[in-house]
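# One predicted model, sequence on top.
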Amino acid sequence: MTTIAPHRKSGRPTPPYRRGWCPGALRPMESGDGLLARVRASGGRLTLDQAAAIADVATVCGNGAINLSGRGNLYVRGLRNRTLPAFVARLDAVGLIDRDGEVERVRNIVVSPLDDIDGEAAFDLAPSVAALDHRMAEGETLRRLPAKFSFALDACGRLPISDQDADIRFEAARREKAAEFAIFLAGDDALAARCVPAQTGEAAARLASAFLALAGDVEGAGLRMRTLVGRVGAKRVFEHAGLVAKPMRRSERRASLGDVLGALAFGATAVVGAAAPFGLIDAVRFKALIEQARTIGANGLRLTPWRAFAIVGIDPRLAPALVAICATLGFIVDSRDPRLRVVACPGAPACMHAHRGLHEDAARFAALLPDGDGVVLHLSGCAKGCARPRPTAATLTATQAGYDLVLAGRAGDSPARLGLSNGAVADVLAHDGVRIVSRGRLSA
């Protein structure tokens with residue numbers, strides 16, 4: 001299906017809209033509840049004014065639903081052709097619109113969410129993110145990258161992001177008091193090049209260009225770095241980019257939601273972290289929370305790659321009150337909440353591919369799971385498994401006949417049980433939940 005970019009002056013995208021891809025604010029995607037548009041905050045950082053603007057446009061221009069993804073992006077749902085110009089104009093006014101749709105498409109960057117206030121972080125990543133953003137905007141060649149090609153910048157502090165997949169990963173460190181990045185490629189965790197922060201944009205551009213050149217030479221190389229590295233090796237990609245790579249192990253440190261939720265001390269200030277149940281945020285409640293945060297002097301909001309966000313710059317004495325407000329508004333602030341063990345896509349009718357609504361089922365099934373940390377259950381509205389492409393201890397894939405149960409796999413894998421009713425799923429989780437989780441522990 002052809003995709004036509006919007007006319008930048010009016011901000012009005014021209015139909016038809018492409019389905020099954022990564023939507024942006026300038027190039028939305030058709031979904032079951034209207035048009036879906038992704039809002040990308042550079043480095044996952046939002047001012048309170050920007051966060052309030054997103055809540056407003058979701059209410060005025062959409063259907064009031066916002067999805068927070070596992071990559072730290074916000075998706076505004078339920079947009080219409082007639083509301084798109086206002087949607088784009090309002091976001092443009094607060095600096096949340098890219099120059100054009102092609103820049104927006106390739107700017108897939110996941111960043112440690114609190115690197116500038118985390119005393120354990122190697123250094124503040126904002127200048128490096130800005131350099132990479134700039135290179136993405138200015139580099140015509142890089143616009144040929146696949147839509148899902150991504151970059152990760154990990155400050156390696158209290159909230160490391162080693163669990164986030166990325167085609168090109170920058171891992172921060174301080175060596176002999178000098179700041180530098182180790183650069184890893186997907187598919188090889190034992191070979192890395194080095195660069196200083198000022199070279200982030202250049203190094204990323206070289207490696208992305210090397211990917212494009214080598215992928216064109218390798219039949220069936222696929223659309224991601226991992227496939228290419230599997231075919232030609234990371235060393236060849238680094239060499240083609242003019243970078244010297246040496247043996248080095250990638251960090252495996254991970255953050256848990258216990259490191260994110262609730263009131264957390266960061267130096268002289270506090271942070272309040274909250275998760276969106278199954279990634280869904282009600283715009284009106286989100287706006288109410290932002291206004292409460294503003295009244296106690298908070299100065300920003302950070303999006304994390306765990307379907308959670310953090311409000312920063314809070315007086316530690318006032319943080320507990322804001323935690324209570326989060327809970328009252330329906331956000332999750334307790335890492336023991338069983339809903340955190342479940343990932344569920346929007347389901348029907350929000351997604352036109354989904355066979356049924358999922359969130360009520362997800363809440364019911366979550367209560368039957370054993371205590372613990374990490375995702376162990378994935379509910380998918382169809383076999384695509386968009387919400388969680390990685391294997392999970394148990395995956396329930398919706399069909400017209402009920403749920404298919406996949407063990408230690410993905411939504412589209414061969415199921416162990418077919419067409420389970422809700423009651424049958426509940427029985428399986430109640431009686432075999434511990435065994436299922438144990439079997440899939442490594443994928444949780």
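Done, it's in. Residues are numbered from 1 along each chain as shown.

# residue ranges with poor pLDDT in the stretch 151-300 of the chain?
217-222 (pLDDT under 70).

# Leaving out chain neighbours, which residue sits closest to residue 135?
residue 201 (3.6 Å; C-beta to C-beta, 6 or more residues apart in numbering). Quick note: C-beta positions are derived from backbone N, CA and C, even for glycine.

# how far does the host helix or strand of that neighbour sit from the chain's center?
Assigned by DSSP states H and E, residue 201 belongs to helix 200-217. Here helix 200-217 is found 23 Å from its chain centre; the criterion is C-alpha atoms, centre = their mean, to the nearest Å.

# Please point out which parts of that helix sit buried.
Neighbour counts over helix 200-217 (16 or more other C-beta atoms under 10 Å) mark 200-201, 203-212, 214-215 as buried.

# can you list these in a markdown table and add distance to residue 423?
Output for these, formatted as a markdown table (distance: C-beta to C-beta, whole Å):
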| residue | distance to residue 423 |
| --- | --- |
| 200 | 53 |
| 201 | 55 |
| 203 | 54 |
| 204 | 51 |
| 205 | 55 |
| 206 | 56 |
| 207 | 51 |
| 208 | 50 |
| 209 | 55 |
| 210 | 54 |
| 211 | 49 |
| 212 | 51 |
| 214 | 52 |
| 215 | 48 |
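
# Between all of these, which two are separated the most?
200 and 215 (22.1 Å; C-beta to C-beta).

# residue contacts, the one residue sitting closest to the centre of the chain?
Residue closest to the average C-alpha location in the chain (C-alpha atoms, centre = their mean): residue 71, at 0.9 Å. Residue 71 is in contact with 108, 110, 150, 164, 305, counting by C-beta atoms under 8 Å, 6 or more residues apart in numbering.

# cutoff 7 Å now
Under the criterion of C-beta atoms under 7 Å, 6 or more residues apart in numbering, the neighbours of residue 71 are 110, 305.

# Shouldn't it be within a strand?
No. Read with DSSP: H, G, I helix; E, B strand; the rest coil, residue 71 is coil and lies in no strand.

# Would you mind measuring from it to residue 113?
12 Å (C-beta to C-beta, to the nearest Å).

# before we move on, what about residue 413?
Distance from residue 413 to residue 113, by C-beta to C-beta: 32 Å.

# So between these two, which is more surrounded?
Ranked by neighbour count (other C-beta atoms under 10 Å), residue 413 and residue 113 place residue 113 first, with 30 against 16.

# Which neighbouring elements make contact with the helix or strand hosting residue 272?
Using DSSP H and E, residue 272 falls within strand 269-275. In terms of contacts (3 or more C-beta pairs under 7 Å, 6 or more residues apart in numbering; DSSP states H and E), strand 269-275 is packed against strand 262-266, strand 308-314, helix 319-328.

# Would you format the ones you listed as a markdown table with distance to residue 34 and mean neighbour count included?
A markdown table is the format used below for the helices and strands packed on strand 269-275 (distance: least, C-beta to C-beta, whole Å; neighbours: other C-beta atoms under 10 Å):
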| stretch | distance to residue 34 | mean neighbour count |
| --- | --- | --- |
| strand 262-266 | 34 | 18 |
| strand 308-314 | 24 | 24 |
| helix 319-328 | 28 | 18 |
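
# just so I have it, where are all the strands in the stretch 301-444 of the chain?
308-314, 342-344, 377-380, 392-399, 402-409, 417-420 (DSSP state E, counting those that start in this stretch).

# now stretch 366-383: mean pLDDT?
Averaged across stretch 366-383, pLDDT comes to 93.

# And that stretch, what's buried?
Buried residues in stretch 366-383 (16+ other C-beta under 10 Å): 366, 368-369, 374-383.

# Stretch 340-355 too?
In stretch 340-355, residues buried by neighbour count (16+ other C-beta under 10 Å) are 340-348, 350-351, 353-355.

# picking that back up, can you tell me which of the helices and strands packed on strand 269-275 is nearest to residue 436?
Between the helices and strands packed on strand 269-275, strand 308-314 lies closest to residue 436; by C-beta to C-beta that is 25.0 Å.

# mind checking pLDDT for the closest residue in space to residue 202 that isn't next to it in sequence?
Of all residues not flanking residue 202 in the chain, residue 135 sits nearest, at 7.2 Å (C-beta to C-beta, 6+ apart). Residue 135 is assigned 89 on the pLDDT scale.

# Touching, residue 135 and residue 200? I think so.
No. Between residue 135 and residue 200 there is no contact under C-beta atoms under 7 Å: 8.3 Å.

# Paired strands for the helix or strand hosting residue 169, with orientation please.
Secondary structure from DSSP H and E places residue 169 in strand 168-175. According to DSSP bridges, strand 168-175 forms sheet pairs with strand 151-154 (parallel), strand 178-185 (antiparallel).
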